[in-house]
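1. Structure here, sequence nowhere to be found:
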């Protein structure tokens, strides 16, 4: 019974490149959430998706960041033209229910380093 | 603007003693509070939660206390064990349809010494 799977676990990019982070939710979970943890900070909500739909992207930076959760395959968080300030740990979480779920199950995170 | 604050970056206790981790919040709209534990290179793992209609919730060695008037909650671990050594995050969410939108504190590193 695999948990939330994220890959890659570590990603190094140079400024201006693109970063793609993938997340497969727990079996039976159809709600996916992305959180970001900047150095010395707590986790911050970015986006909430269901299959093929973005439900709430109020925490996403307005530019360069996008997320999708296609009908088939994992959820993808895409960061275009990365800058040093994007260096962070990106955590994906999933839940069986959506609003009302309260308890989210987190993956181990993807650590992005921008050189 | 930190809405959830964990003012102690670290805490060290002896095995068998009580660990008390504290958390303060500022947003009156928060209705549900959670504690997550995180080991290095792993994701946060849910530990225990409490609704704003309660002032205490207990699960084995872990008890969470909520003081709504003071906007303060605490996590008690009794007795503490070396395996409890981890970073503990306090998190809060509003009620209703946005309760997936957790606001986390910066975490407290707990070290339990044998």
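-> Here it is on my side, so go on. Just so you know, these numbers come straight off a predicted model, no measurement behind them.

2. Contacts only, for the most centrally placed residue in chain A.
-> The centre of chain A sits closest to residue A:34, judged by CA atoms, centre = their mean, with a distance of 3.5 Å. Counting by CB atoms under 8 Å, 6 or more residues apart in numbering or on different chains, residue A:34 touches A:23, A:45, A:46, A:47, A:49, A:67, A:75, A:77, A:90, A:91, A:92, A:93. All C-beta atoms are positioned from the backbone trio N, CA, C, and that covers glycine.

3. what's in contact with the helix or strand that contains the fifth one?
-> Which is residue A:49. If you go by DSSP states H and E, residue A:49 is part of strand A:43-50. Residues outside strand A:43-50 that contact it (CB under 8 Å, 6+ apart): A:30-38, A:54-60, A:65, A:67-69, A:75, A:77, A:91, A:98, B:44, B:89, B:91, B:100-104.

4. before we move on, back to that, skipping its backbone neighbours, what lies nearest the residue nearest to the centre of chain A in space?
-> Among residues not flanking residue A:34 along the chain, residue A:46 sits closest, at 4.4 Å (CB to CB, 6 or more residues apart in numbering or on different chains).

5. confidence score at that neighbour?
-> Here, the pLDDT recorded for residue A:46 equals 97.

6. Tell me how many other residues crowd it.
-> Using other CB atoms under 10 Å in any protein chain shown, residue A:46 is surrounded by 21 other residues.

7. Residue numbers of chain B in contact with chain A?
-> Neighbours of chain A within chain B, by CB under 8 Å from any CB of the partner chain: B:4, B:32, B:34, B:36, B:41-46, B:49, B:89, B:91, B:93, B:96-107.

8. repeat that with 7 Å
-> With CB under 7 Å from any CB of the partner chain as the criterion, chain B comes near chain A at residues B:4, B:32, B:41-44, B:46, B:49, B:89, B:93, B:97-102, B:104-107.

9. Of the residues you listed, grab the buried ones for PyMOL.
-> Buried residues among the residues of chain B next to chain A (16 or more other CB atoms under 10 Å in any protein chain shown), as a PyMOL selection:
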select buried, chain B and resi 4+32+43+44+46+49+89+93+99+100+101+102+104+105+106+107
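
10. among the residues of chain B next to chain A, which are in strands?
-> Under the assignment DSSP state E, the residues of chain B next to chain A contribute B:4, B:32, B:46, B:49, B:89, B:93, B:104 to strands.

11. Now do the contacts for residue A:64.
-> Residue A:64 sits next to A:79, A:80, A:81 when contact means CB atoms under 7 Å, 6 or more residues apart in numbering or on different chains.

12. Look up which residues are beta-bridged to the first one.
-> On DSSP bridges, the residues paired with residue A:79 through beta bridges are residue A:19, residue A:65.
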